[in-house]
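**Student:** my questions concern the predicted model and sequence given below.
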Amino acid sequence: MGVDINPTVSRRRLGSELRRLRQASGMTTRQVAERLLISQPKISLLENGRRLIKPRDVRDLCRLYGVQDQRLVDDLMRLAGESGRQGWWNTYGDIPYGAYIGLEAEAVAIRTYEPLLIPGLLQTPSYARAVIAGTIPHATAEQAATRLRVRLRRQDRLGAPDHPLRLWAVLDESALRRVVGSREVMREQLEHLIRLGAQPHITVQVLPHEVGAHPGVSGQFSLLEFADAADANVVYLERFTSDLYVEKRSDVRLYSDLYAHVQAQALSPKSTARFIAEFIDAYGGARFSREPPRP
């Protein structure tokens, strides 16, 4: 009940349990909506953990579903109270991807594929600042500064002494070639990438252009895995206006298979470090025109 409570995770667990209880009662979302005089989409949002719910509303739903176990009702009402609390990211104001940060904060492992940029968890401050300025040109100076602080705060998970995040990152070669900020910024970023990739809980692989078509050409995706069996794994698809979260087990398995294919086609971690080092040397030269030699 203290500072470690993650409202995003509490909301997901509560929604999952409410869905289970509704299905056990034999009721459809439409029937529940009609009985409680609320919209059917609201029930779906609650069960997907996308909407806050008050403890008394949880009590009413449990009563409707015929739940007799008072301890279960009390636990669900407690989860409803926790889901209304603020995570650390809420202290920075209205962060568009706050739901994702909540999931990331609880995940024990993340597998991510990035086609164009270095992943946020692996970015240097200078690189992150340039990414934010370039991708969100309408942001005010204050909004950009807030985004940067949040991004750097997220990186604390990688160095957590008790449970560091296990991270696999596959990058397309384009992410190394795209000059973000300046050549100096890129050199610093790639040196940072090699240092992080040498840590035992972080794996970095590059997918060279010569591989051709592969399962990741359709865009960025991340798979988030959780230690608690009650928390289903999630696929996160970052989009410009509204991000997508895929939680259906068959779909998550599909993305997991796609990621396995991307990893298999990418350079090994050791070959990746040598490959990145060639780019570092190239960015340090007068021109960046030659193709780095293949390891």
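**Tutor:** In hand now; what should we look at? Numbers count the residues shown, from 1 in each chain.

**Student:** in the helix or strand Leu254 falls within, what's buried?
**Tutor:** Per DSSP states H and E, Leu254 falls inside helix 249-265. Within helix 249-265, the residues that count as buried by 16 or more other C-beta atoms under 10 Å are 252, 255, 258-259, 262-263, 265. Backbone N, C-alpha and C define where each C-beta goes, glycine included.

**Student:** quick one: contacts for the residue lying closest to Gly134 once chain neighbours are set aside?
**Tutor:** Nearest non-adjacent residue to Gly134, counting by C-beta to C-beta, 6 or more residues apart in numbering: Val180, 7.0 Å away. Applying C-beta atoms under 8 Å, 6 or more residues apart in numbering to Val180 gives the contacts 117-118, 127, 130-131, 134, 186, 189.

**Student:** name the SS class of Val180, please.
**Tutor:** Look at Val180: counting by DSSP: H, G, I helix; E, B strand; the rest coil, its state is coil.

**Student:** and the residue lying closest to Ala99 once chain neighbours are set aside, what does it touch?
**Tutor:** Nearest non-adjacent residue to Ala99, counting by C-beta to C-beta, 6+ apart: Thr8, 5.9 Å away. By C-beta under 8 Å, 6+ apart, the contact list for Thr8 reads 49, 87, 98-99, 101-103, 105-106.

**Student:** and with 6 Å instead?
**Tutor:** By C-beta atoms under 6 Å, 6 or more residues apart in numbering, the contact list for Thr8 reads 99, 102-103.

**Student:** out of those residues, which one sits closest to Glu225?
**Tutor:** Leu103 (10.4 Å; C-beta to C-beta).

**Student:** ranges for the helices of the stretch 51-200 of the chain?
**Tutor:** 55-64, 70-83, 98-106, 125-135, 141-154, 173-177, 183-197 (DSSP state H, counting those that start in this stretch).

**Student:** and the ones you listed: which comes nearest Ala160?
**Tutor:** helix 98-106 (10.2 Å).
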